[in-house]
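1. Got a predicted structure here, sequence first:
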There are 2 protein chains.
Amino acid sequence: MGKAAQIEHQSVATINDELAWRFARSAAVTATSLCSVAGFRDWFAACRRTEQLTVDRIPFTELVGWEFDDDGNLRHHSGRFFTIEGLDVRTDFGFVEHWQQPIINQPEIGVLGIVVKEFDGVLHFLMQAKAEPGNIGGVQLSPTVQATRSNYLRVHQGRPVPYLEHFLDAKPEAVLVDVLQSEQGAWFLRKRNRNMVVEATGPVSAMPGFCWLTLGVIRELLRQDNTVNMDARTVLACVPWRIDAARAERGDEFTRALARGLDPSAAARHGTAEILHWLTDLKSRHELRQRLMPLAEVADWRRGPNEITHVGGKYFRVVAARVSAGQREVDSWTQPLLAPVGQGVAVFLAKAIDGVLHLLVNAKLEAGVLDVAELAPSVQCQPANHHDLPAHRQPTFLREVIGGALGVVRYSGLQSEEGGRFQHADNLYQIRLLTADFPIAEPPGFRWMTPAQITNLLIHSNYANVQARSLMACLLASW
Amino acid sequence: MGKAAQIEHQSVATINDELAWRFARSAAVTATSLCSVAGFRDWFAACRRTEQLTVDRIPFTELVGWEFDDDGNLRHHSGRFFTIEGLDVRTDFGFVEHWQQPIINQPEIGVLGIVVKEFDGVLHFLMQAKAEPGNIGGVQLSPTVQATRSNYLRVHQGRPVPYLEHFLDAKPEAVLVDVLQSEQGAWFLRKRNRNMVVEATGPVSAMPGFCWLTLGVIRELLRQDNTVNMDARTVLACVPWRIDAARAERGDEFTRALARGLDPSAAARHGTAEILHWLTDLKSRHELRQRLMPLAEVADWRRGPNEITHVGGKYFRVVAARVSAGQREVDSWTQPLLAPVGQGVAVFLAKAIDGVLHLLVNAKLEAGVLDVAELAPSVQCQPANHHDLPAHRQPTFLREVIGGALGVVRYSGLQSEEGGRFQHADNLYQIRLLTADFPIAEPPGFRWMTPAQITNLLIHSNYANVQARSLMACLLASW
């Protein structure tokens, strides 16, 4: 990388190209001297047995260090971590022009970082078995480092974060990915994390609770429900990869179309300049005014002793939990969690256009988004929030997706959102290949993009939302 | 463009390349059947005679439609245009950790758009002689369209904005530039405008007050003080261009280095991935907390009957003006203006590194910036705000620049900031070529970048601030 990094922009394509093929080689390998799928399963099962957290719901009054202030906002006495406040949203973007809701306000930027290293010529990813209070399954596979700023500044006097120095003291030429990416816009106000991949050249050993995995093994694990956590998925989404010609030829039509869609030189329905113009146009035409307000005054939400709920029982609840652990920064603690009401869906509709796979992206506004709209899956919502609405007010394609009538499922998995903030928040993630007769004309707010186009935008912040990025990781497991 | 737009990302470089050479050809032409420098001067002098505005300072009480609300914020009764509010800023970025100041809050996005069209094979820019109340010289050269959203939605019941349809109804393949870019972060809260260049293929005639100019003529005009306005400069900055080999050979060493620096394939000191990593690192390590607050409660600022001033006489004043015009949307109006205290400087230090011109960019935090920091000139400040500070607390390179000791001046011009909001705000814009012995090692917060690297980032929002973009336009006139 040292020499390559001296070469400039036009060659960024070339550098990324070389990197994409290195990751492609790792994706083709499912067993090395360091890892295998079966070996992982045994190790991970053991981690799940030993690393479990005990999580108990408690009334708000039993939260330690957390309290409701005069505005009814829920804060930690240190001023750190996060607050739960009220948000007033006005926009002319969708059907609803004005609403209020609780929102998590966490302005600090955490690190989600994966150390990669070549063993026997194959890139391995250093992954961690990490327990989070809200996780389905307790322990999930997370990046090497998954730390809020409070974590790594050791606000709660915990243990130092292992491997953190690989990211905070990285040599510039070792940094393969470094970009701020958004988190759930429906639940967080402008929250972002730093997504990093750093290549180690010196010796790095896997500490207990950590393991080296090829991208090929991770690909298999993405096919299991609730195993690869959100933080790992968003970092993996920022990694470029390819499918080589030989594998494409051995694959089916979807695989061949995907191989072309991953190639930045393939013909796309819209040029990137056209996509940027479309986004700029949307952002300019629409207004989004976000104003923090006292949580106590938020319309249509009620606070009880145990939870804050929407009067219609929709969206989510804010709850409190006591968490006990053996090997965490501190041995036990209490914290608020946001518990969604019902499972979500996040679906990319895919179509081969002139033999090149395209994904149907939707420009989506969410309450806490930084810049009006981000690229989202073709369908992304909690269906329960919409079932009482007339068909024309429901999200585009939602009924067809739930009805199962739309396309052939190439990927389907239940995946969790961040278990440090969200209680049992999971989405049904799907990638569905549409048949040739599906119209190429896009509904308003939608555009066909190749996976390569999306990946290329992911070196910049705030283009694609976290659900779209999760699906970009799941694309690894779609063929 | 229609066919070209079907080709994808890797070819974006190619498309931009072709476009850059088309603009380069326009930059080489200073006289056509439609325009010449001398012809422009006569026409522009006539415009300055006939289009002048009469601007009178008035006390705040004589503002019509504007009033101070209970918080002391200055608002228009329609809720449109902009407000002047208080801003509380906390950050660990620079020397000052906490301050409060008045700020202009104008969340709506305006359009700054230039129509370009080929005549006899040469791209011409449709420019407008436009009077603004705060302009030095009254009339300056502005983009084809320079309209706030309030303007073009005709909130003040003015005349329709000419040529607006070229931008709002543009065919995607005609759009050459379309990006949201920031305005002055010291004075505006997260303000952005939409910078557009649209190529017309059908007939377009220049209405009175408009003229077609080649980039070669505009280059000459950039050498005149206070002629090409800020809005035109920021749009021009987003346009890629080159210097061809023949002209480079005829030029001096600076010109040859600049020609290489404009070439995206030239060897740069830092790869773009490295630059993005540096920026992400800065944004992650530093916090910026911006909170709107009542203007009446802002510390160290006082409101009198005629102006709002800093107790130390620094920074700027908020004043009120009555403006009378013949040919504006309405014939006369009153409005607040922000009047800076003293002239500013904005300087790019330039250095040939292995024969390739590099500019020394500074990652700068300003009060109203959207995302912690943007790329700024090597030196950018109002010197008067710093003269009482000890040397080590003054901006890096400021003393050397003011002392005139640093490098050879390749461009120097007094240029105005936006005259619709700022009263006689001007900066001394300079590009200075450093001698070979100037150290290549960068001070903290600085990086060498080639002009091509900066131009390539300008297809995305919020990378370079408005002063850096102004200098990128002035670079056209530096050789």
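-> Noted; the coordinates are in hand.
2. Mind pulling the model confidence for A:D92?
-> We have a pLDDT of 92 for A:D92.
3. now stretch A:374-384: mean pLDDT?
-> The model assigns stretch A:374-384 a mean pLDDT of 97.
4. tell me which residues of it are tucked away?
-> A:374-383 (16 or more other Cβ atoms under 10 Å in any protein chain shown). Every residue, glycine included, has its C-beta placed from N, CA and C.
5. Which of the residues you listed lies at the shortest distance from chain B?
-> A:E374 (12.7 Å; Cβ to the nearest Cβ).
6. Find the nearest non-adjacent residue to the closest one, please.
-> A:N465 (4.2 Å; Cβ to Cβ, 6 or more residues apart in numbering or on different chains).
7. Quick one: residues contacting that neighbour.
-> Contact analysis of A:N465 by Cβ atoms under 8 Å, 6 or more residues apart in numbering or on different chains lists A:182, A:185, A:364, A:366, A:369, A:374-376, A:380.
8. now for the helix or strand of chain A with the lowest mean pLDDT, which elements pack on it?
-> Within chain A, no helix or strand scores below helix A:149-152, which has a mean of 79 by mean pLDDT, DSSP states H and E. Secondary-structure packing of helix A:149-152 (3 or more Cβ pairs under 8 Å, 6 or more residues apart in numbering or on different chains; DSSP states H and E): strand A:110-119.
9. other SSEs contacting the strand it packs on?
-> Counting contacts by 3+ Cβ pairs under 8 Å, 6+ apart, strand A:110-119 packs against strand A:122-131, strand A:145-147, helix A:149-152, helix A:165-168, strand A:192-199, helix A:230-237.
10. Report the distance from the last one to the chain centre.
-> When you say that, I think you mean helix A:230-237. Taking the mean of its C-alpha atoms, helix A:230-237 sits 5 Å from the chain's own mean (Cα atoms, centre = their mean, to the nearest Å).
11. Return the subset of the contacts of A:N465 lying in strands.
-> A:182, A:364, A:374-376, A:380 (DSSP state E).
12. For the least confident helix or strand of chain A, list the C-alpha coordinates in PDB.
-> The C-alpha coordinates for helix A:149-152 follow below in PDB (Å, rounded to 0.1, in the frame of the first residue of the first chain):
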ATOM      1  CA  ARG A 149     -16.100   7.300  22.600                       C
ATOM      2  CA  SER A 150     -17.300   7.000  26.200                       C
ATOM      3  CA  ASN A 151     -16.100   3.300  26.100                       C
ATOM      4  CA  TYR A 152     -12.600   4.000  24.800                       C
END
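13. For the stretch 151-300 of chain A, which segments are assigned as helices?
-> Ranges of helices within the stretch 151-300 of chain A are A:165-168, A:215-222, A:230-237, A:245-250, A:253-261, A:272-285, based on DSSP state H, counting those that start in this stretch.
14. circling back: can you say which of the helices and strands packed on strand A:110-119 is packed in most?
-> Highest mean neighbour count among the helices and strands packed on strand A:110-119 (mean count of other Cβ atoms under 10 Å in any protein chain shown): helix A:230-237, with a mean of 28.
15. Nearest to chain B: which residue in the stretch 51-200 of chain A?
-> Counting by Cβ to the nearest Cβ, the stretch 51-200 of chain A gets nearest chain B through A:D178, at 4.2 Å.
16. Go ahead and confirm that residue touches B:H277.
-> Yes: assessed by Cβ atoms under 8 Å, A:D178 is found in contact with B:H277 at 4.2 Å.
17. what residues do the two have in common as contacts?
-> With Cβ under 8 Å, 6+ apart, A:D178 and B:H277 have no common neighbours.
18. Kindly report the residues of the stretch 201-350 of chain A close to chain B.
-> A:264-274, A:276-278, A:280-281, A:283-284, A:287, A:289 (Cβ under 8 Å from any Cβ of the partner chain).
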